[in-house]
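Engineer: Provided below are the primary sequence and the corresponding predicted coordinates.
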Amino acid sequence: MLRKIRKSDAKPERTHYGLKFIIPENLTEDEILKSLVRIPAKNYKLPDEQGIALDFGGRSCSKRLVLHILNSIVWEKDLRILSWLSSNEDSMKLFRSAGLCVNEPAENINEAEKPEESPESKNESEKTEERISALKVVYNSMRSGQKVETEGDVLVLGHLNPGAEVIAGGSIIVAGRLLGVVHAGGYGRGDVFVWAGSFETPQVRIGNKLCYADSKSTSCWRKCVVITLEDGTPVIRENKFMSMEKK
Amino acid sequence: MSARVIVTTSGKGGVGKTTSTANIAAALAKFGKKVVAIDADVGLRNLDVIMGLENRVVYNFIDVIEKTCKMSAALVKDKRVPGLYLLPAAQTRTKDAVNPEQMIALCEELKPDFDFIFLDCPAGIEGGFKNAAAGADEALVVTTPEIPAVRDADRIIGMLESMGKSPIRLIINRLRPNMVQDGDMLAKDDILDVLSIELIGVVPEDESVIRATNNGEPMTMTLDSPAAHAYLNIAERLLGHDVPLMDLESYAGRGFFSKIKKFFRGKKK
């Protein structure tokens, strides 16, 4: 199997909070700086309440890179960086130690800047939009040692390999093989689910419950499943629709 | 001449990084390439023993970095194969004695004089790995068909990807086809399914590896074993040649000819 990596610039993505720059992991640090400097100035002109999130993916960022981004781009161009995102533990530690915000920008926006509205005034579609906006998407497989932690939902468009970990306040979808650790409802929510393309993990955490599994204890092993909490008990069901599709 | 710099790594210890480095380096030298194998495992050097050059080590690469000696003085030339060199590690120092910038500078100094530079990486994901990987452009990840080794390889691949190394290729070492067939060992496809990188070779479990290691003679110098052929094939693939994977079934005694042999042996009894 060949994985061809193409070098490309940091890609700006429109989001509800402004812009998100996804920085390709295959770029060198110098290429990242050049790539960020090259982005046209008009992209930085955002309304007052909006800002930018920098997503470094699984890259291990150095102090030098962070310092150069702050010096040459953030302070030089007077940008409002809402968040420094990464799935790499070392990078997250570095950002935290530098006092940088590492949470999803959905939670970052200053309450004072939000238009005032009572909870009752929110209709269902607005609530749905808010939930979707808190979705964290991982665009490839997560390898051993990689970790994603967010208060929203998580969608992994690949495998979750053994040793990888996802902790979500909401639900978790793993499109490929679920071999690593998932914790849906990591902050106590029970109305969440875990969906996996192929269920192969020995342990699932959902809400405040922990459950173990193996090929002998469940008929759903290596099948497409959805796991929910029902009356406080984790329930695993084969997603028959997807299984039929596979056949 | 500008060398390709390749780090041999695995995460887990004891999977065959150093053996792979020595054998692939010797095979490439046999193909007429000028190759240097750098032992980046400071404090726990072994590459000199496996290459059979421990008696000739005088200086090491830390001496070169600290300018105690010139590069030419530290390089140990293998007299059995033209074009094969070893740059040993210091045994009396620790991994803190070198930093990534120094490793990059060391590789840059060697690049004009060689076709291939191999960096034999220590086990683990700490400073030693980061130093060794810093100087490399490409990576060979070695794993055995065991779940802990595959998990550690996966961790290392993630780190190499985030460091921008490309291509990252996989060597599956010490595979026992008979155990795979019996369902007692991970199969090649199971490993590739998890690791999702290019496979460059599968090396079968082979007693001659132990003999060669103890004798200090890379197997690819003599080519009298399945593992030697596997390493030679890996070297050819590194050179861009299209070499099919070995038929390991015949080595496992499960191939067609092995079955015929077994049948006739049985008749004799």
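Structural biologist: Here it is on my side, so go on. Residues are numbered from 1 along each chain as shown, chains lettered A, B, ... in the order given.

Engineer: what's the spacing between the residue of chain A found nearest chain B and residue B:165?
Structural biologist: The nearest approach of chain A to chain B comes at residue A:143, 3.4 Å away (CB to the nearest CB). To be clear about C-beta, it is placed using only N, CA and C from the backbone, and glycine gets the same treatment. Residue A:143 is 14 Å from residue B:165, where distance means CB to CB, to the nearest Å.

Engineer: Compare the two and say which is more crowded by neighbours.
Structural biologist: residue A:143 (30 against 23; other CB atoms under 10 Å in any protein chain shown).

Engineer: Next secondary structure element downstream of the lowest-mean-pLDDT helix or strand in chain A?
Structural biologist: Every helix and strand of chain A was ranked by mean pLDDT, DSSP states H and E. The lowest is helix A:124-133, at a mean of 55. Tracing the chain past helix A:124-133, the next element assigned as helix or strand by DSSP states H and E is strand A:136-138.

Engineer: And that following strand, what does it pack against?
Structural biologist: strand A:147-150, strand A:154-156 (3 or more CB pairs under 8 Å, 6 or more residues apart in numbering or on different chains; DSSP states H and E).

Engineer: So the residue in the stretch 151-269 of chain B that chain A sits nearest to: helix, strand or coil?
Structural biologist: Nearest residue of the stretch 151-269 of chain B to chain A (CB to the nearest CB) works out as residue B:158 at 3.4 Å. At residue B:158 the chain is in helix, as set by DSSP: H, G, I helix; E, B strand; the rest coil.

Engineer: Would you mind listing what in chain A touches chain B?
Structural biologist: Neighbours of chain B within chain A, by CB under 8 Å from any CB of the partner chain: A:1-3, A:5, A:25-28, A:57-60, A:88, A:141, A:143-146, A:159, A:161-163, A:177, A:179.

Engineer: ChimeraX command to pick out the buried ones of those?
Structural biologist: A single ChimeraX command selects the buried members of those (16 or more other CB atoms under 10 Å in any protein chain shown):
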select /A:25,26,27,57,58,59,60,88,141,143,144,145,146,159,161,162,163,177,179
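
Engineer: Confirm for me that residue B:50 is in contact with residue B:216.
Structural biologist: Yes - counting by CB atoms under 8 Å, residue B:50 sits close enough to residue B:216 to count as a contact (6.7 Å).

Engineer: quick one: which of those two has more around it?
Structural biologist: residue B:50 (27 against 15).

Engineer: And the pLDDT at the closest residue to that one other than its chain neighbours?
Structural biologist: Ranked by CB to CB, 6 or more residues apart in numbering or on different chains and with sequence neighbours excluded, the top spatial neighbour of residue B:50 is residue B:22, at 4.5 Å. pLDDT for residue B:22: 97.

Engineer: Can you pull the residues of chain B lying near chain A?
Structural biologist: Contact residues (CB under 8 Å from any CB) of chain B with chain A: B:125, B:147, B:150-152, B:154-155, B:157-159, B:161-164, B:166, B:192-194, B:196-199.

Engineer: Give me the buried entries from these.
Structural biologist: By 16+ other CB under 10 Å, those give B:125, B:150-152, B:154-155, B:157-159, B:161-164, B:166, B:193-194, B:196-197, B:199 as buried.

Engineer: and these, which of them are in helices?
Structural biologist: Secondary structure from DSSP state H places B:150-152, B:154-155, B:157-159, B:161-162, B:193-194 of those in helices.

Engineer: check contacts around residue A:90.
Structural biologist: Residues near residue A:90 by CB atoms under 8 Å, 6 or more residues apart in numbering or on different chains: A:60-61.

Engineer: Now it: which helix or strand?
Structural biologist: helix A:89-97.

Engineer: swap in residue B:170?
Structural biologist: Per DSSP H and E: strand B:168-175 holds residue B:170.

Engineer: Partner strands of that strand, with direction?
Structural biologist: strand B:138-143 (parallel), strand B:198-204 (parallel) (DSSP bridges).

Engineer: Alpha carbons of it, in PDB - could you do that?
Structural biologist: Output of strand B:168-175 as PDB, limited to C-alpha atoms (Å, rounded to 0.1, in the frame of the first residue of the first chain):
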ATOM      1  CA  ILE B 168       8.300   5.700   5.200                       C
ATOM      2  CA  ARG B 169       8.600   2.000   4.300                       C
ATOM      3  CA  LEU B 170       8.000  -1.200   6.400                       C
ATOM      4  CA  ILE B 171      10.100  -4.200   7.000                       C
ATOM      5  CA  ILE B 172       8.300  -7.200   8.600                       C
ATOM      6  CA  ASN B 173      11.000  -9.200  10.400                       C
ATOM      7  CA  ARG B 174      11.100 -12.700  11.800                       C
ATOM      8  CA  LEU B 175       7.900 -13.900  10.200                       C
END
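
Engineer: most remote residue from chain A's center?
Structural biologist: Taking CA atoms, centre = their mean as the measure, the residue most remote from the mean C-alpha position of chain A is residue A:216, 32.2 Å away.

Engineer: Check what pLDDT that one gets.
Structural biologist: So, for residue A:216, pLDDT stands at 79.

Engineer: if we can go back for a sec, need the three-state assignment for the residue nearest to residue B:50.
Structural biologist: Quick answer, by three-state DSSP: residue B:22 is helix.

Engineer: so it touches residue B:51, yeah?
Structural biologist: Yes - using CB under 8 Å, residue B:22 is in contact with residue B:51, at 5.0 Å.
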